[in-house]
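>>> Sequence and computational prediction follow.
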Amino acid sequence: MDRILDADPETGVIELFHYDPDTERVVIETRHDVTDIIEHNKRIANEFTSLDRWGDMTRVASIPMSLYMEMKKQGIIDDQAAMRRWLNDPDNRFFRTRPGVV
């Protein structure tokens, strides 16, 4: 049996309740649709040119809160080197709002 516990259209976060009667196992699943964030990041990144300079407080990424909290648990957010590696990883490029290397 599956049920939606909560759905927030503003953030794109959905919480689902799963129950397996055979095993009597309960799972609460959180899904986060990040499509809007990724599309927004792409638009911002496309506005930069190779002539644009880096400066203090330059936004380089926009990360959904659910991912931020997971990265916080893993210690990535509080570790500058780990955060830099994460931002420069090609697998995470869709969260970038600026091209280049951090």
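On my side now, so go ahead.
>>> Only C-alpha atoms from now on, for both contacts and neighbour counts.
Will do.
>>> Just say helix, strand or coil for the residue located most distally from the centre of the chain.
Within the chain, the residue lying farthest from the chain centre (Cα atoms, centre = their mean) is residue 22, at 34.3 Å. Three-state assignment for residue 22 (DSSP: H, G, I helix; E, B strand; the rest coil): coil.
>>> Any figure for the gap between it and residue 69?
33 Å (Cα to Cα, to the nearest Å).
>>> Kindly tell me how buried residue 96 is, as a neighbour count.
The number of residues packed near residue 96 is 21, by other Cα atoms under 10 Å.
>>> Any buried residues in the top helix by length along the chain, and which?
In the chain, taking DSSP state H as the definition, the longest helix is helix 35-46. For helix 35-46, the neighbour count (16 or more other Cα atoms under 10 Å) marks 37, 38, 41, 42, 44, 45 as buried.
>>> Now do the strands for this structure: every range, in order, please.
2-8, 13-20, 25-32 (DSSP state E).
>>> ok so, going back, give me the contact list for the longest helix of the chain.
61, 62, 63, 64, 94, 95, 96, 97, 98, 99 (Cα atoms under 8 Å, 6 or more residues apart in numbering).
>>> Would you confirm that the first one contacts residue 92?
No - the pair residue 61 / residue 92 is not scored as a contact, 9.6 Å apart, by Cα atoms under 8 Å.
>>> Please say which of the two ends up with more neighbours.
It is residue 61, of residue 61 and residue 92, that has more neighbours when counted by other Cα under 10 Å, with 19 against 13.
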